[in-house]
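Peer 1: What follows is a predicted protein model with its sequence.
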Amino acid sequence: MKVKSTLLTITTVLAFTSVSAQHDLADYVNTLQGTNSKHELTRGNTYPTTALPFGMNTWSPQTGNNGDGWKYQYFKETIRGFQQAHQCSSWSNDYAVFSLMPVTKSLKLNENERQSGFSHDKETAKPYYYQVKLENGVNTEMSPTERGVHIRFSFPKKEKAFLVLDGYTGHSGIQIDKKNNRITGYVHNGRGMERFDHFKNFFVIQFDKPFEAYGTWDNTNGEKKENSISAEGKGKGAYIEFAQGAKVQTKIASSYISAEQAVLNLKQELGEDKNLEDTKTTAKKIWNVHLSKILVEGGTEEQFKTFYSCFFRASLFSRKFYEIDENGEPYYFSPYDGTVHKGYMYTDTGFWDTFRAQFPLNALLYPDMHGRYVSALLDAYDQCGWLPSWSFPSEAGSMIGNHAISLLADAWAKGIKTFDPEKALKAYYHEATEKGPWGPANGRHGHKEYYTLGYVPYPKYGEATAKTLEYAYDDFCAYNLAKMSGNEFYQKVFARQMYNYKNVWDNEVGFMRGRRADGSWLPDFDPYEWGGPFTEGNAWHYVWSVFQDPNGLIKLMGGEERFNAKMDSVFTVPNTVNVGTYGGKIHEMTEMEMADMGQYAHGNQPIQHMIYLYNYSGKPWKSQFRARDVMSKLYDYTENGYPGDEDQGQTSSWYVLSAMGFYSVCPGTDEYVMGSPVFQKTTITLENGNEFVINANNNSADNVYIQNVTLDSENFTKNYLTYSQILNGGQLQLKMGNSPNRNRGIDEVDKPFSLTKN
């Protein structure tokens, strides 16, 4: 993409100051970012995803055993298959998986026997194209569509050429059609759909070369049946032999609806592509258009690679779960009631992570899609009786909080009014006053005590203080949605509860604290102790979880001076870990120690907004410094690119928003709180055709502080931008410097939203 170059100084001649005309944006993306992860220490817990934006399916090489959540680890030296994948996280594993593996010399079926060595020097990992030359001599290439993939296996000359289809860990069915060079079938495996026995991922695999030999096999016992054309049961798969040295092109598509729809998906998405290059070219164009929604200029090549690699990750979730029928209309197999419905459905995300930044980024860049998404939340409620909290692909109820209401309120606050707010509030009221059957975030643990006592008691309920804080935020979102939509009944219901965070504040220790049902505090308080009344963190992390009322939190702490001192302390106290109720180190603890920023644990979600709270307490320049410091030290584009779990686009979205110069501290309002942009120029092309341009004049690694700001040539002193200001387009001009401007953004009118007024 050609862009206008900025003026160069001698010191920046060697830096990338604009996205060069010789480079496509998709080529800045490294899909290996964050893949050097393991159970003890995650650098993203990602895999080299080959997919289109928000595509229903993704494809990945497989280094781990079938059923292993760590499907691809950078330090591994062998590949055992190329998977259709849907995995959100290594911790949640995967579902609806099958794989193909090319084999040479002699037929080897078992995953441990057929695996082949590989080198990263012979690997290409881009969103639109993955390629690897295996040590068995086969060059494998993949390019994606939304519900399929085009794969080419180039076998070495004069070598036998086999392809093994593995049915993964669950039930599968296989049909081999030798006449038409085709395999069809289905898989039913993995987590998330156990309550629907009839849930199937139907697939069709079309080859462009004839079969020399074929058969079926069983991965539970290794049994092989030559010339068998069908099999059904646990672990059933197939194998094919092609002519020696064949170059085989393979088109694959799948469907959750029917075998017929899988064939239609293949025709619609791959029918016109004569070869892999056609699919690759189309996929690259789609990614280049998508990534050009945010065009950055005036940075280093490393910064460009990090930004667009993060933007890529932020563009994968939530996944489309709908398909297009023969009349061009969307419909879907519901992961909530197991039947087929007309319309749109999305899945594969956990709101505890993604309500914070991933969905506020979606609302900004893709309001049409986001409108469909929040509308589908109420369809899910109709189909299973609960609002989703962690869809994978059905409701898992993982983590804590009832954050669907955050998405709904945030959409409404930003003018995305694609749903009935009264129905949304009724659904949330049900969520807030009942406990569902699927996990801690499906309904509410301790909802009766939360209502009567004003907090969730510990140890009667695990993670009780964290739950209290997040319930209070969610209740604010319901209150605000009711207020915006004129619903006085629900406004009154949630008006009191949104301040319940105050009931777990202990002024004596200066932290949020576990509290018993009799009102007494949990004894032997240690702010460095993880777990217990907290979720994957400690008191240092959760004291800031008052998104809706920072001013109220400032008052609890005794004013801005003490609040700022407490914020400063997060980075200066030791990075001590007391493993607490976990009984041993979990990876989040190790990642906080590795970050070496005191108790600032950016590798997990609870504290990621904290550095922006200086905007509420009279010292916005500290937010500017901390945002740039975190981006510089904790992110890069390599296999070690993240400071912890990437988490369905959330950690990437934090970077994307922060690199543009703002962040969504309190979703459910229309504000994005300002930080410090990484690039000299950022152009956001909005869905309505407008452009919002951020010029950070004199920006550099040292000049991270905002000196003054104008918005469309008018002096701009506020520490936040509104959604409508961005969507209307315009020019935000920032002058940057190497020392703080301590007089800008410190007046009360310049501070972002808070329930409590000063």
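Peer 2: Thanks, I have it. Numbering: from 1, shown residues only.
Peer 1: ranges for the helices of the stretch 401-550 of the chain?
Peer 2: Along the stretch 401-550 of the chain, the stretches classed as helices by DSSP state H, counting those that start in this stretch are 404-413, 421-432, 447-453, 464-484, 488-495, 539-542, 550-556.
Peer 1: Just put these in JSON lines and tack on mean neighbour count, distance to Trp287 and mean pLDDT.
Peer 2: For every residue, glycine as well, the C-beta is placed using N, CA and C. As requested, the helices of the stretch 401-550 of the chain are exported to JSON lines (neighbours: other C-beta atoms under 10 Å; distance: least, C-beta to C-beta, whole Å; pLDDT from 0 to 100):
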{"stretch": "helix 404-413", "mean neighbour count": "27", "distance to Trp287": "26", "mean pLDDT": "98"}
{"stretch": "helix 421-432", "mean neighbour count": "20", "distance to Trp287": "34", "mean pLDDT": "98"}
{"stretch": "helix 447-453", "mean neighbour count": "16", "distance to Trp287": "44", "mean pLDDT": "98"}
{"stretch": "helix 464-484", "mean neighbour count": "26", "distance to Trp287": "33", "mean pLDDT": "98"}
{"stretch": "helix 488-495", "mean neighbour count": "16", "distance to Trp287": "42", "mean pLDDT": "97"}
{"stretch": "helix 539-542", "mean neighbour count": "26", "distance to Trp287": "35", "mean pLDDT": "98"}
{"stretch": "helix 550-556", "mean neighbour count": "22", "distance to Trp287": "38", "mean pLDDT": "98"}
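Peer 1: okay, the ones you listed in a markdown table with distance to Val29 next?
Peer 2: Listed next are those as a markdown table, based on distance: least, C-beta to C-beta, whole Å:
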| stretch | distance to Val29 |
| --- | --- |
| helix 404-413 | 27 |
| helix 421-432 | 36 |
| helix 447-453 | 43 |
| helix 464-484 | 33 |
| helix 488-495 | 42 |
| helix 539-542 | 31 |
| helix 550-556 | 35 |
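Peer 1: Out of the ones you listed, the one nearest Ser154 is which?
Peer 2: helix 404-413 (44.9 Å; C-beta to C-beta).
Peer 1: Show me what that closest one is packed up against.
Peer 2: helix 351-354, helix 358-365, helix 367-384, helix 421-432, helix 464-484 (3 or more C-beta pairs under 8 Å, 6 or more residues apart in numbering; DSSP states H and E).
Peer 1: mind listing what's buried in the third one?
Peer 2: By 16 or more other C-beta atoms under 10 Å, the buried positions in helix 367-384 come out as 367, 369-381, 383-384.
Peer 1: For Phe692, which of the helices and strands packed on helix 404-413 is the nearest?
Peer 2: Comparing the helices and strands packed on helix 404-413 by C-beta to C-beta, helix 358-365 comes nearest, at 9.3 Å.
Peer 1: and the closest one, how far from the chain's centre?
Peer 2: Averaged C-alpha coordinates place helix 358-365 at 12 Å from its chain's average position (C-alpha atoms, centre = their mean, to the nearest Å).
Peer 1: how much space is there between Glu434 and Pro388?
Peer 2: Glu434 sits 15 Å away from Pro388, going by C-beta to C-beta, to the nearest Å.
Peer 1: Between these two, point out the one with more neighbours.
Peer 2: Ranked by neighbour count (other C-beta atoms under 10 Å), Glu434 and Pro388 place Pro388 first, with 30 against 13.
Peer 1: among the helices and strands packed on helix 404-413, which is nearest Leu291?
Peer 2: Short answer: helix 358-365, nearest of those by C-beta to C-beta, at 10.8 Å.
Peer 1: Distance to Met674 added to the helices and strands packed on helix 404-413, as CSV?
Peer 2: Putting the helices and strands packed on helix 404-413 into CSV (distance: least, C-beta to C-beta, whole Å) gives the following:
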stretch, distance to Met674
helix 351-354, 22
helix 358-365, 14
helix 367-384, 22
helix 421-432, 29
helix 464-484, 21
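Peer 1: for those helices, which one sits closest to Leu711?
Peer 2: Shortest separation from Leu711 across those is recorded for helix 358-365, at 16.6 Å, computed as C-beta to C-beta.
Peer 1: Please name the residues that touch the nearest residue to Ala441 once chain neighbours are set aside.
Peer 2: The shortest distance from Ala441 to any non-neighbouring residue, by C-beta to C-beta, 6 or more residues apart in numbering, is to Ser389 (3.9 Å). Ser389 sits next to 350-352, 395-399, 401-404, 439, 441-442 when contact means C-beta atoms under 8 Å, 6 or more residues apart in numbering.
Peer 1: Return the subset of these lying in strands.
Peer 2: Cross-referencing the contacts of Ser389 against strands under DSSP state E gives Gly350.
Peer 1: Mark which of the contacts of Ser389 are buried, thanks.
Peer 2: Buried among the contacts of Ser389 (16+ other C-beta under 10 Å): 350-352, 395-399, 401-404, 439, 441-442.
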